[in-house]
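Asks: no FASTA, just this:
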């Protein structure tokens, strides 16, 4: 009997042990102590901005977004325990993917457990923990609603609600492992949020300091002398900074070259245009796209239509202006989304219609007074998202 018991025990021990799925409450209880509030300070010690991050090593390596700390004189990190660390130390940065690893002089700090983001699939449940508006350890739940391939890397589209200050926070899978870095949100879209796969940060993690935050290069913002200011446009300053960085850089100078490399820049620009429907003139749009090749597609007695390359040669934005005032009337984003992507992003309250021989998903009038439709191709996928003034 003993030999049988030993034999069965040996067999049992040879089977792999799989991590058990955890509830959102369990993930928060077990792992949120390693998610921190990051505050940026000026030379006088005043708080100038706030974001999130999570601790990757007991010695104090913290993963966050580069845009969270860029431009700061010092960084202040607040743990849920009440401990506060002030630092200016940077371990590594990735400007293209918007990653920074900062260093505090800690010992035996709580850490997250990193998962393998290459194994993450659409439809998986997630828990996002971050500090929106400085509210530490705020928790939201959702799913991975899509995988987006950019020119240089992938991003996860997520449905977990996030807010300003969430950038740099942690996206956990159901096993309680971090598989994503909260990177940006789209204010004008419902649950259009994005996270960077954590595997991009893995090779950057160490406890070796390489620079200070003051040595980070500033954003290249340029304003030609012959262009009037757009200070009269009522826009969010943080969104303005993102658009400035993208549209005033060196990309998009020819019709074959995209204007943006990162989706946060590209989608910020798209929703900036959406907010400007009925307000922006062609002159305002030229101001926003001054380095890019805007192509005139069509001109009639009552309309002007322009397009611009977006994230790649095959994607773009189409803009329609109404004469004689030449005010922006319609903005269309070329996409490659599935029907599930659209439902996860905008909800399922739409009417499927045939308009001029074209299948559209009509979401009706939005609270902003705009109309949203998704254009469906013959294969059942969505190839464009269009915002128009409600008539």
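Replies: All right, it came through fine. Only a predicted model underlies this, so the values are computations on that prediction, with no experimental measurement involved. Residues are numbered from 1 along each chain as shown.
Asks: rest of the way, CA atoms for contacts and neighbours
Replies: Noted.
Asks: what bits of the stretch 151-300 of the chain have low per-residue confidence?
Replies: Residues of the stretch 151-300 of the chain that meet the criterion pLDDT under 70 lie in 151, 164, 185-192, 218-265, 286-287, 289-294.
Asks: One more pass at 90, please.
Replies: Within the stretch 151-300 of the chain, the ranges that satisfy pLDDT under 90 run 151-167, 183-194, 214-300.
Asks: Would you state the strands of it in chain order?
Replies: Remark: strands assigned in the stretch 151-300 of the chain by DSSP state E, counting those that start in this stretch are 154-158, 170-172, 178-185, 193-197, 211-212, 295-299.
Asks: would you list those strands in JSON lines and tack on mean neighbour count and distance to residue 372?
Replies: Below are the strands of the stretch 151-300 of the chain laid out as JSON lines (neighbours: other C-alpha atoms under 10 Å; distance: least, C-alpha to C-alpha, whole Å):
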{"stretch": "strand 154-158", "mean neighbour count": "24", "distance to residue 372": "20"}
{"stretch": "strand 170-172", "mean neighbour count": "29", "distance to residue 372": "29"}
{"stretch": "strand 178-185", "mean neighbour count": "27", "distance to residue 372": "19"}
{"stretch": "strand 193-197", "mean neighbour count": "26", "distance to residue 372": "18"}
{"stretch": "strand 211-212", "mean neighbour count": "16", "distance to residue 372": "45"}
{"stretch": "strand 295-299", "mean neighbour count": "13", "distance to residue 372": "22"}
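Asks: Pull up the pairing partners for the helix or strand hosting residue 385, direction included.
Replies: For residue 385, the host element (DSSP states H and E) is strand 382-389. Strand 382-389 sits in its sheet next to strand 327-337 (antiparallel), strand 370-376 (antiparallel), going by DSSP bridges.
Asks: I'd like the mean pLDDT over it, please.
Replies: Averaged over strand 382-389, pLDDT sits at 89.
Asks: Identify all contacting residues around that strand.
Replies: The contact list for strand 382-389 (C-alpha atoms under 8 Å, 6 or more residues apart in numbering) reads 274, 277-278, 329-339, 342, 369-377.
Asks: Dump the strands of the stretch 151-300 of the chain to CSV, plus distance to residue 59.
Replies: Below are those laid out as CSV (distance: least, C-alpha to C-alpha, whole Å):
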stretch, distance to residue 59
strand 154-158, 28
strand 170-172, 19
strand 178-185, 18
strand 193-197, 23
strand 211-212, 17
strand 295-299, 52
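Asks: Please identify which of those is closest to residue 146.
Replies: Ranking these by their distance to residue 146 (criterion: C-alpha to C-alpha) puts strand 154-158 first, at 4.9 Å.
Asks: So which elements touch that closest one?
Replies: The contact analysis (3 or more C-alpha pairs under 8 Å, 6 or more residues apart in numbering; DSSP states H and E) places strand 154-158 against strand 138-149, strand 193-197.
Asks: related to what we said a few turns ago, narrow the contacts of strand 382-389 to just the buried residues.
Replies: 274, 277-278, 329-335, 337-339, 342, 370-376 (16 or more other C-alpha atoms under 10 Å).
Asks: Count the neighbours of residue 356 for me.
Replies: By other C-alpha atoms under 10 Å, the residues close to residue 356 number 7.
Asks: quick one: it and residue 375, what's the gap?
Replies: In this view, residue 356 and residue 375 are 12 Å apart by C-alpha to C-alpha, to the nearest Å.
Asks: likewise residue 193?
Replies: From residue 193 to residue 375 the distance is 21 Å (C-alpha to C-alpha).
Asks: circling back to that earlier point, what's the offset of the strand holding residue 385 from the middle of its chain?
Replies: The chain centre lies 20 Å from the centre of strand 382-389; the measure is C-alpha atoms, centre = their mean, to the nearest Å.
Asks: For residue 176, which of the helices and strands packed on strand 154-158 is the nearest?
Replies: Comparing the helices and strands packed on strand 154-158 by C-alpha to C-alpha, strand 138-149 comes nearest, at 12.7 Å.
Asks: Now do that closest one and strand 154-158, the angle between them.
Replies: 130 degrees (axes from the mean of the first three to the mean of the last three C-alpha atoms, to 10 degrees).
Asks: Just give the strands next to strand 138-149 in its sheet, each with its orientation.
Replies: In the sheet, strand 138-149 lines up with strand 125-130 (antiparallel), strand 154-158 (antiparallel) (DSSP bridges).
Asks: Distance to residue 283 for the helices and strands packed on strand 154-158 - can I get that in a markdown table?
Replies: Formatted as a markdown table, the helices and strands packed on strand 154-158 follow (distance: least, C-alpha to C-alpha, whole Å):
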| stretch | distance to residue 283 |
| --- | --- |
| strand 138-149 | 32 |
| strand 193-197 | 30 |
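Asks: Pick the most deeply packed of those strands.
Replies: strand 193-197 (a mean of 26; mean count of other C-alpha atoms under 10 Å).
Asks: Any chance you could list what contacts that strand?
Replies: Outside strand 193-197, the residues that reach it (C-alpha under 8 Å, 6+ apart) are 97, 117-118, 154-162, 171, 179-186.
Asks: could you give the angle of that strand to strand 154-158?
Replies: Going by the same axes, to 10 degrees, strand 193-197 makes 140 degrees with strand 154-158.
Asks: Strand 193-197 pairs with which strands, and in what direction?
Replies: By DSSP bridges, strand 193-197 pairs with strand 154-158 (antiparallel), strand 178-185 (antiparallel).
Asks: which ones are touching residue 208?
Replies: residue 91.
Asks: same check, this time on the one 5 residues further on
Replies: If you count contacts by C-alpha under 8 Å, 6+ apart, residue 213 has them with 69-74, 88-90.
Asks: Now go through these and say which are in helices.
Replies: residue 69 (DSSP state H).
Asks: Let me have the contacts of residue 213 in a markdown table, extended by pLDDT.
Replies: Output for the contacts of residue 213, formatted as a markdown table (pLDDT from 0 to 100):
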| residue | pLDDT |
| --- | --- |
| 69 | 91 |
| 70 | 86 |
| 71 | 83 |
| 72 | 89 |
| 73 | 90 |
| 74 | 94 |
| 88 | 95 |
| 89 | 96 |
| 90 | 96 |
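Asks: Many thanks, we can stop here.
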